[in-house]
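Asks: Just the structure for this:
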Amino acid sequence: MIEKAFKILEAITQTRGNNSLNIICDKVDIPRSTVHRILTTMKECEMVDYDPDKGYLLSGKLIRMCLAGLGDRDFLDVAIPVAQELNSHIRETISINVLVGYERTCVYRVEGNMEIIRNVKIGTHNPLFIGSTGKVLASGLSGKRYEEAQDYSIAQGKINPENLEKINAVIKKCRENGYAISVQERYDGCWSMAVPVMNPITQEMLGTLSISSVLERYTKENAEWYLKLLKESARKIQLRLF
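Replies: Below is the predicted model:
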């Protein structure tokens, strides 16, 4: 039974965006009733979540457990209190995302006071190269890994191969500036800003810290203020890691 559960979890990572019960069954070649029973148990144990639009997803709890096993526990232990502190200061939605495969995954999120922003859940997978967080995480890739991420996003229908030149220019600018802003790129009436959180020793990107808000709050003054706060918070995380 444990072997079957692992096969199902692996299938979920391979079919993101359309994780219906039938598709998972096709991937694992396990009877439908057995797959359904295992998924029900894993959902009760908070190992998977169910989204009506996307089907079954790895839960935020499971992802955090995996990150802890990979040695990233310190990052989340440090980053979460900083995200909470920032949220209490500006009352906007603050998120922490990391790279999982060729997608970005929300591993922590503290909601602001605007209902319209509550469009992402912990454990949600979203594409790279789109949105402020997707751009920042993509900017941390290089060489073959960057090309593979683009091929994956094209195959998933998330980006258009005809726009690669423009996309590459945007990612290059993001890499140079150290942040990205997205205005109504993924959700109408919303904007977001993200910065990388780097390992100060290896310069590896550990993840991103982002602010999401409503369009009415997108002003030059707010953007400058939020960017300052995000960079200060990212630096605070980096310093507390050592």
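Asks: Is the residue nearest to the spatial centre of the chain bridged to anything, and to what?
Replies: Compute the mean C-alpha point of the chain, and by C-alpha atoms, centre = their mean the closest residue is T105, 2.8 Å away. Beta bridges link T105 to V98, H125 when assigned by DSSP bridges.
Asks: Let me know the distance separating it from I2.
Replies: Shown here: T105 relative to I2, a distance of 24 Å by C-beta to C-beta, to the nearest Å. The way it works is simple: take the backbone N, C-alpha and C, and place the C-beta from them, glycine included.
Asks: if we can go back for a sec, and the gap between the residue nearest to the centre of the chain and M47?
Replies: 15 Å.
Asks: Ok, T34 next?
Replies: For T34, the distance to M47 - C-beta to C-beta - is 16 Å.
Asks: Same drill for these two, tell me which one is more crowded.
Replies: Shown here are T34 and M47; by other C-beta atoms under 10 Å, M47 has more neighbours (18 against 14).
Asks: Could you tell me the per-residue confidence at that one?
Replies: With respect to pLDDT, M47 scores 82.
Asks: check contacts around it.
Replies: With contact taken as C-beta atoms under 8 Å, 6 or more residues apart in numbering, M47 is in contact with 9, 58-59, 61-62.
Asks: ok, now Y218?
Replies: 183, 191.
Asks: Let's see that with 6 Å instead.
Replies: By C-beta atoms under 6 Å, 6 or more residues apart in numbering, the contact set of Y218 is W191.
Asks: how close does it sit to Q238?
Replies: 27 Å.
Asks: shaky segments in this structure?
Replies: 1, 14-18, 64-73, 114-121, 242 (pLDDT under 70).
Asks: and with 80 instead?
Replies: For the chain, residues meeting the criterion pLDDT under 80 lie at 1-3, 10-19, 53-54, 60-74, 112-125, 186-187, 200-201, 241-242.
Asks: neighbours around A169, how many?
Replies: Quick note: A169 (other C-beta under 10 Å) scores 10 neighbours.
Asks: Give me the helices and strands touching the helix or strand encompassing it, please.
Replies: Assigned by DSSP states H and E, A169 belongs to helix 164-177. If you count contacts as 3 or more C-beta pairs under 6 Å, 6 or more residues apart in numbering; DSSP states H and E, helix 164-177 packs onto helix 131-139.
Asks: Would you indicate which residues of the helix or strand following the helix it packs on are buried?
Replies: Counting by DSSP H and E, the next helix or strand C-terminal to helix 131-139 is helix 143-155. Within helix 143-155, the residues that qualify as buried are 146, 149-150, 152-153, counting by 16 or more other C-beta atoms under 10 Å.
Asks: Assign R109 to helix, strand or coil.
Replies: strand (DSSP: H, G, I helix; E, B strand; the rest coil).
Asks: the inter-axis angle of the helix holding A169 versus helix 131-139?
Replies: Inter-element angle recorded for helix 164-177 and helix 131-139: 90 degrees (by axes from the mean of the first three to the mean of the last three C-alpha atoms, to 10 degrees).
Asks: Pull up the pairing partners for the helix or strand that comes right after helix 164-177, direction included.
Replies: Later in the chain than helix 164-177, the nearest helix or strand by DSSP H and E is strand 180-183. Paired with strand 180-183 in the same sheet, following DSSP bridges, are strand 190-198 (antiparallel).
Asks: Find out how far the partner strand is from the centre of the chain, if you would.
Replies: Counting by C-alpha atoms, centre = their mean, to the nearest Å, strand 190-198 is centred 11 Å from the centre of its parent chain.
Asks: Identify the residues contacting the next helix-or-strand element following that strand?
Replies: Downstream of strand 190-198, the next assigned helix or strand under DSSP H and E is strand 205-214. If you take C-beta under 6 Å, 6+ apart as the criterion, strand 205-214 is touched by 75, 92-93, 95-98, 114, 116-117, 132-133, 136-137, 140, 192-199, 226, 230, 233-234.
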